[in-house]
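Asker: okay, predicted coordinates and the sequence, questions at the end:
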Amino acid sequence: MTPKTLRALAIALALGGAGMAACGSDKVTQVSYGNPPDASLFDTGNGGSSPYGGDGGTGTTPPVPEAGPPVCSDADKLCAETFTYPFNGETSVELRGSFAAGAWVTGVPMTHSGSVWTVSTGVPWNQPVEYKFYVDGTTWETNPMQPMTTDDAGDMNNLAAAITCPNDYTCATPPVPPAGVFDWRDAVIYFVFVDRFFDGDPSNNCSVSGSSTGQYTSANYLGGDWAGVTQKITSGYFTDLGVNTLWITVPVQNADAVTGAGELCNSGACAPDQYEFSAYHGYWPTDPTSVEKCFGSPSDLQALVTAAHTAKLKVLFDYAMVDVHTSAAIYKQHVNDSPSWFTPFCQCGDTNDGCSNYNDYKCWFAPYLAHFDFTNSSAARTYSVNAALGLIQTYGNDAFRLDAIKQVDPSWLASLRPQTTTYESQAADGGAPQRFYMVGETYDFDDMAYIRSFINPATALDGQFDFPLRYRIVDAILLRDTGPMLQPAIPDGDSWEFNQPAGMQGLASFMDFNDSFYPVDAVMSTFIGNHDLPRSIHYAEQTLPSWLGGNAQDALTSNGSGNAWTGEPAPETDPNTFERLGNAFGVLLTNKGAPLIYYGDEIGLPGAGDPDNRRMMQWTGYSPAQQALYARIKALTTIRAAHPAMRRGTRSTVEVTADLWVYELTTLAGDPSPDTVYVGINRSDGDLTTTMLPSGLTELITNTPATGTVTIPARETRIFH
């Protein structure tokens, strides 16, 4: 067995949330990534991919080179240009002009050498630049030896011709949008799993006979609905927590009256498992042009969006475009079209039958989940895109989470993206046109180049969920791994290599790389937990639970399915465990991206694999440790909202060891809200100190002065300003 084949077994099992057929494999030991999964049981509605990631997708994605210019749109590209001014005894000269926002007010200092002042700075791609020289802090001058132009006010300026630099450009950070326009870099997302959140209207409750249940686990509907979400909006729960964007599960009509077995795949063959699932998760659509009756009426969904906008919350709809349930009328009407709207049946993971391991645009997650054929049927593609646009037009949602995007022919996204601009000036926010945000799910902890290939805010996604970062945060902060960290794979290699520094040193190194890897105008969603992974609290336990794996690397790629039905974990009680989870949120909430809070993680809700990680939300009886975790996350979101350096600034490490990371965050020159903060994160079980902070700071979580030797308590984050 080759390394690539072995790795495919271990990490490329399932892709996408339209329902998942799970596969096991032979138990094979491989030191680079732990053991592939045992033959275990999976929920076909898990809404995501295998916990083992992907193996590079379809094989048709163009390779992304490791070296070369960064990725950004032409509007954000900068070319280096040198400007000169003759020396005539001046004390100082500053270049000012249209080359950057605010550069007519605060320019770039020039350097004197011999008979000339010089400076090299970035200028916009393919745009002429008007400029002048501000001499000795008092006088505006031009250089008569350089081209001139007259501006609208009749003033003479120098003019630099438009240039391009295809091989050596840099990328400018996108400017802060004008007042009244939401900056998605400011988003803090809360994933509301509707059926498991709050039952606001028992009259719409559903129950599907035959759905499997366990001690804590259920694959049946439990009653959560849109009315319940609206009640929590109006009661201020989300505002108090400090989130400003709600991700709600797929709102379209699903197959409510049927159950379906999960798929158990072993040694390349698949068969139904012993558990029966319902469509409570929303990933078995039957009619994407109507809404889910078990969650309420169209007016209930509209009321949710209206209440959210009144509370200044954005609403992000989950959208599942990969497949439909075979009971759907749309399937029966178009399966025999020529070309068919659906691919021929091919069970994902059933390699003995010639099917793929979730790495193309055609395989079915389960025999009852028909995969749309957007490659060959433009009619199917148009139908699905129009259904997505219909949701925006009807309900006014502000964003989409696009499920299992790597299993969807790129033509689908290419068709959707330009049409969303029609709805970006809707009245929900009142006034200026808003950006419609689209974030994708490409479930892969390793192949960053493949994740990046879907991102282009002009034509495709604004960002993706950052699975590789989640892997490293859990490794360093929750598991407190002392072994070498996983090396980023750019592009995807044959095997995982663990040769990066351990602990906080490895995390700092990876995040520095990660910050500059994706397009400069991308907004990645950072996260610790989601609906496809065991609950985050368990990774932070003092001793790693045996059901998560024998070691840190096994735990990082475990889906916990073996304990999803029996032996489900009880609620955690150790306060130290909750502090570690709060520390992981400290990383998310002090760095750029749109951080995600999976419902219940703010109180350390327990749960093993899917569907045990989808227990009903706890609303009463919080322990002191749960209350402390909630308070810590609330403090972090409050500080984040007040400090733009955390949301759009650059980070530089001040000090880092295996257990302590101290970093500075600062906004860029020209930012309308200049800001600098310092963050210290201590992952160890003992207090640590730093002497590397500037004097005169205040620690913002405790509101205490910080001078001289500063203590970062065990398992805690401290923020200084």
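Answerer: Looks like it came in fine.
Asker: C-alpha from now on. contacts and neighbour counts both.
Answerer: Noted.
Asker: averaged pLDDT, stretch 192-212. What do you get?
Answerer: In this model, stretch 192-212 carries a mean pLDDT of 98.
Asker: contacting residues around it?
Answerer: Residues from elsewhere that reach stretch 192-212, judged by CA atoms under 8 Å, 6 or more residues apart in numbering: 218-229, 231, 246-249, 256-259, 275-278, 280-281, 293-296, 598-599, 614-617.
Asker: gap between the two ends of that stretch?
Answerer: 23 Å (CA to CA, to the nearest Å).
Asker: likewise for stretch 668-687?
Answerer: 33 Å.
Asker: I'd say Gly463 and Ile455 touch.
Answerer: Yes - assessed by CA atoms under 8 Å, Gly463 is found in contact with Ile455 at 5.7 Å.
Asker: residues that sit against both of those two, list them.
Answerer: Joint contacts of Gly463 and Ile455 (CA under 8 Å, 6+ apart) are Ala522.
Asker: follow-up on the earlier one: show me the contacts of stretch 192-212 that map onto helices.
Answerer: Under the assignment DSSP state H, those contribute Trp226, Ala227, Gly228, Val229, Gln231 to helices.
Asker: make a markdown table out of the residues you listed and add pLDDT and neighbour count.
Answerer: A markdown table is the format used below for those (pLDDT from 0 to 100; neighbours: other CA atoms under 10 Å):
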| residue | pLDDT | neighbour count |
| --- | --- | --- |
| Trp226 | 98 | 31 |
| Ala227 | 98 | 24 |
| Gly228 | 98 | 22 |
| Val229 | 98 | 30 |
| Gln231 | 98 | 16 |
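Asker: just the closest of the residues you listed to Asn158, please.
Answerer: Nearest to Asn158, judged by CA to CA, of the ones in helices among the contacts of stretch 192-212 is Val229 at 57.8 Å.
Asker: just to check, that closest one is in contact with Leu304?
Answerer: Yes - contact criterion CA under 8 Å: Val229 and Leu304 qualify, at 7.0 Å.
Asker: circling back: wait, which of the ones in helices among the contacts of stretch 192-212 is closest to Tyr539?
Answerer: So of the ones in helices among the contacts of stretch 192-212, ranked by how close each gets to Tyr539 (CA to CA), first place is Val229, at 28.5 Å.
Asker: name the nearest residue to the closest one, sequence neighbours excluded.
Answerer: Phe198 (6.5 Å; CA to CA, 6 or more residues apart in numbering).
Asker: where's the one you found, which helix or strand?
Answerer: According to DSSP states H and E, Phe198 maps onto no helix or strand at all.
Asker: burial of it, as a residue count?
Answerer: Here the count is done by other CA atoms under 10 Å, and Phe198 has 24 residues near it.
Asker: how close does it sit to Leu605?
Answerer: 15 Å.
Asker: repeat that for Ala564.
Answerer: Distance from Ala564 to Leu605, by CA to CA: 15 Å.
Asker: which one's more surrounded, the two?
Answerer: The neighbour count for Ala564 versus Leu605, taken as other CA under 10 Å, is higher for Ala564 (28 against 23).
Asker: ok, that one touching Asp612?
Answerer: Yes - Ala564 is within contact range of Asp612, at 5.1 Å (criterion: CA under 8 Å).
Asker: what touches both of these two?
Answerer: With CA under 8 Å, 6+ apart as the test, Ala564 and Asp612 both reach Thr217.
Asker: ok, Gln618 - how many residues close by?
Answerer: Gln618 - counted by other CA under 10 Å - has 15 other residues nearby.
Asker: for it, give me its contacts.
Answerer: Per CA under 8 Å, 6+ apart, neighbours of Gln618: Gly600, Leu605.
Asker: next, it: phi, psi?
Answerer: phi -90, psi 130 (degrees, to the nearest 10).
Asker: the chain: helices as residue ranges?
Answerer: 3-11, 226-234, 237-241, 298-310, 329-334, 378-395, 410-419, 448-452, 467-473, 503-517, 552-556, 575-589, 624-642, 644-648.
Asker: pick out the shakiest of those, pLDDT-wise.
Answerer: Among those, helix 3-11 scores lowest, at a mean of 27.
Asker: contacts only, for the spatially most central residue of the chain.
Answerer: Computing the C-alpha centroid of the chain and ranking residues by CA atoms, centre = their mean puts Ser525 first, at 2.0 Å. By CA under 8 Å, 6+ apart, the contact list for Ser525 reads Val439, Gly463, Gln464, Phe465, Asp466, Gly593, Ala594, Pro595, Leu596.
Asker: run a quick neighbour tally on the first one.
Answerer: Just to be clear, that refers to Val439. Quick note: Val439 (other CA under 10 Å) scores 25 neighbours.
Asker: again with the fifth one
Answerer: When neighbours are counted by other CA under 10 Å, Asp466 registers 26.
Asker: and His21, what pLDDT?
Answerer: Slight slip there: residue 21 is Ala, not His. 33.
Asker: list the contacts for Ala508?
Answerer: Counting by CA under 8 Å, 6+ apart, Ala508 has contacts Thr653, Val656, Trp661.
Asker: what bridges to the last one?
Answerer: Note on Trp661: beta-bridge partners Val656, Ile681, judged by DSSP bridges.
Asker: for it, give its distance to Lys592.
Answerer: Taken as CA to CA, the span from Trp661 to Lys592 is 17 Å.
Asker: more neighbours: the two, which one.
Answerer: Lys592 (26 against 23).
Asker: correct me if wrong: that one contacts Pro644.
Answerer: No - between Lys592 and Pro644 there is no contact under CA under 8 Å: 9.5 Å.
Asker: what about Pro519, neighbour count?
Answerer: 23.
Asker: an error on my part: the question was meant for Ser297.
Answerer: With other CA under 10 Å as criterion, Ser297 counts 17.
Asker: returning to what we had before: which of the contacts of stretch 192-212 count as buried?
Answerer: 218-229, 231, 246-249, 256, 258-259, 275-278, 280-281, 293-296, 598-599, 614-617 (16 or more other CA atoms under 10 Å).
Asker: and the nearest residue to Ala476 once chain neighbours are set aside, how far from Thr653?
Answerer: Here the nearest residue to Ala476 in space, its sequence neighbours aside, is Gly503; by CA to CA, 6+ apart that works out to 4.8 Å. The gap separating Gly503 from Thr653 is 15 Å, by CA to CA.
Asker: and for Asp515?
Answerer: Relative to Thr653, and taking CA to CA, Asp515 is found at 13 Å.
Asker: same check on Pro672?
Answerer: 24 Å.
Asker: compare the two (neighbour count), which wins?
Answerer: Thr653 (16 against 13).
Asker: residues in contact with the residue lying closest to that one once chain neighbours are set aside?
Answerer: Residue nearest to Thr653 in three dimensions, not counting chain neighbours: Tyr663, with 4.2 Å by CA to CA, 6+ apart. By CA under 8 Å, 6+ apart, the contact list for Tyr663 reads Arg651, Ser652, Thr653, Val654, Glu655, Tyr678, Val679, Gly680.
Asker: near the fourth one, how many other residues are there?
Answerer: The number of residues packed around Val654, counting by other CA under 10 Å, is 15.
Asker: my read: it touches Met692, true?
Answerer: Yes - using CA under 8 Å, Val654 is in contact with Met692, at 6.8 Å.
Asker: distance of the residue nearest to Ala219 when sequence neighbours are not counted from Val291?
Answerer: Distances taken as CA to CA, 6+ apart put Phe277 closest to Ala219, at 5.0 Å, once the chain neighbours are dropped. Distance of Phe277 to Val291, computed by CA to CA: 20 Å.
Asker: next one: Val677
Answerer: Taking CA to CA, one finds Val677 at 45 Å from Val291.
Asker: which of these two has more neighbours?
Answerer: Higher neighbour count among Val677 and Val291: Val677, with 23 against 20, using other CA under 10 Å.
Asker: nearest residue to the more buried one other than its sequence neighbours?
Answerer: Using CA to CA, 6+ apart, the nearest residue to Val677 is His721, at 4.9 Å.
Asker: then Asp199?
Answerer: Nearest to Asp199 is Gly224, by CA to CA, 6+ apart, at 4.2 Å.
Asker: which residues does the one you found contact?
Answerer: Val194, Asp195, Arg196, Phe197, Phe198, Asp199, Gly200, Asn205, Phe295.
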